[in-house]
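*Asks:* just to be clear, the model below is a prediction. Sequence and coordinates:
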Amino acid sequence: MIVYPAVDIRGGKAVQLVEGDYNRETVFDADPVDAARRWADAGAKWIHIVDLDGARDGVRANQEAIARIRKAVHVKLELGGGLRTMDDLDAMYALGIDRMVIGSAAVTNPKLVSKAVVRFGGLIGVGLDARDGKLASHGWIDQTEVDALEAARRFAADGVEHVIFTDIRRDGNMQGPNLAALKEMVDAVPANVIASGGISTLQDLEAVRDLGAAGAIIGSALYKGAIALPDALAIAAGKDPS
């Protein structure tokens, strides 16, 4: 399993939100490059970046910060937030992003996903952000009645290899992941399922690993020191933390 430290960017700063609420924000790094370097230096092979302004507003508002991260670290970067068109994807590919995650547009314009897979193959991931099993979009502000499992199956059938599944109610709350929903997703979808939301302890991470998730995104627990990244990497590799 791959551990993805999260670098969520809003207004050019590395922040964490609670349940995606833009009014419940904690700033952890004034410069997100500092966060990315910290996780890379601690052994991360991938970093998960979200342009929160882009996710909400549909514009690549933090592209300058993302470009600086790309220049500063030599690990692989997974990016979501504001990728709504082929032009957006082309721009991020040219920037050197290793995996581009389509979120809101997967809900509002699913044909974009099919086209993107044809062009970029395994470089495309789909972000499925669910509240009580139903997808939300546009920075989790717009709630839909689209079933997350049905959407995941459809995208996997279109050739999507990576599904990032976030339980919104657990995100940023430090209350543990929704293991039941994650198990449903892992069991039902023939794709690599990356778990996001609520991972707060090494025991949470072990549980996610044992359910068969291909990856785990960790944000608040790393920033608050509840989990040390080297320990998380050891758990993901099936080893005892030092």
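*Replies:* Structure received. Numbers count the residues shown, from 1 in each chain.
*Asks:* residues of stretch 158-174 that come out buried?
*Replies:* Across stretch 158-174, burial judged by 16 or more other C-beta atoms under 10 Å covers 158, 160-172, 174. Where you see a C-beta, it was placed from the backbone N, CA and C, and this is true even at glycine.
*Asks:* out of those, who's nearest residue 210?
*Replies:* Ranked by distance to residue 210 (C-beta to C-beta), these are led by residue 165 at 16.2 Å.
*Asks:* and the closest one, its phi and psi?
*Replies:* phi -110, psi 120 (degrees, to the nearest 10).
*Asks:* quick one, what contacts it?
*Replies:* Going by C-beta atoms under 8 Å, 6 or more residues apart in numbering, residue 165 touches 128, 130, 148, 152, 181, 182, 185, 193, 194, 195, 196.
*Asks:* and the first one, how many neighbours?
*Replies:* By the measure other C-beta atoms under 10 Å, the count of residues near residue 128 is 25.
*Asks:* isn't it up against residue 134?
*Replies:* No. Here residue 128 lies out of contact with residue 134, judged by C-beta atoms under 8 Å, at a distance of 10.4 Å.
*Asks:* anything in contact with each of those two?
*Replies:* In contact with both residue 128 and residue 134: residue 148, using C-beta under 8 Å, 6+ apart.
*Asks:* could you give me the average pLDDT of stretch 180-199?
*Replies:* Mean pLDDT, stretch 180-199: 94.
*Asks:* if you could redo that for stretch 77-88, that was the one I meant.
*Replies:* On average, stretch 77-88 scores 96.
*Asks:* how much space between residue 72 and residue 228?
*Replies:* As for residue 72, its distance to residue 228 is 22 Å (criterion: C-beta to C-beta, to the nearest Å).
*Asks:* equivalent analysis for residue 166, please.
*Replies:* 23 Å.
*Asks:* just residue 91 next, same as before
*Replies:* Counting by C-beta to C-beta, the gap from residue 91 to residue 228 is 35 Å.
*Asks:* picking that back up, distance to residue 46 and secondary structure for the contacts of residue 165 - can I get that in TSV?
*Replies:* Formatted as TSV, the contacts of residue 165 follow (distance: C-beta to C-beta, whole Å; DSSP: H, G, I helix; E, B strand; the rest coil):
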residue	distance to residue 46	secondary structure
128	19	strand
130	22	strand
148	23	helix
152	21	helix
181	23	helix
182	19	helix
185	20	helix
193	15	strand
194	10	strand
195	14	strand
196	13	strand
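*Asks:* name the member of these with the most neighbours.
*Replies:* In the contacts of residue 165, the most neighbours by other C-beta under 10 Å go to residue 195, 33 neighbours.
*Asks:* ok, now which ones touch that residue?
*Replies:* Counted by C-beta under 8 Å, 6+ apart, residue 195 has contacts 165, 177, 182, 208, 213, 215, 216, 217.
*Asks:* could you do residue 233 as well?
*Replies:* Contacts of residue 233 (C-beta under 8 Å, 6+ apart): 3, 43, 44.
*Asks:* SS state for the second one?
*Replies:* In other words, residue 43. Using DSSP: H, G, I helix; E, B strand; the rest coil, the secondary structure recorded for residue 43 is coil.
*Asks:* sweet, I'm off.
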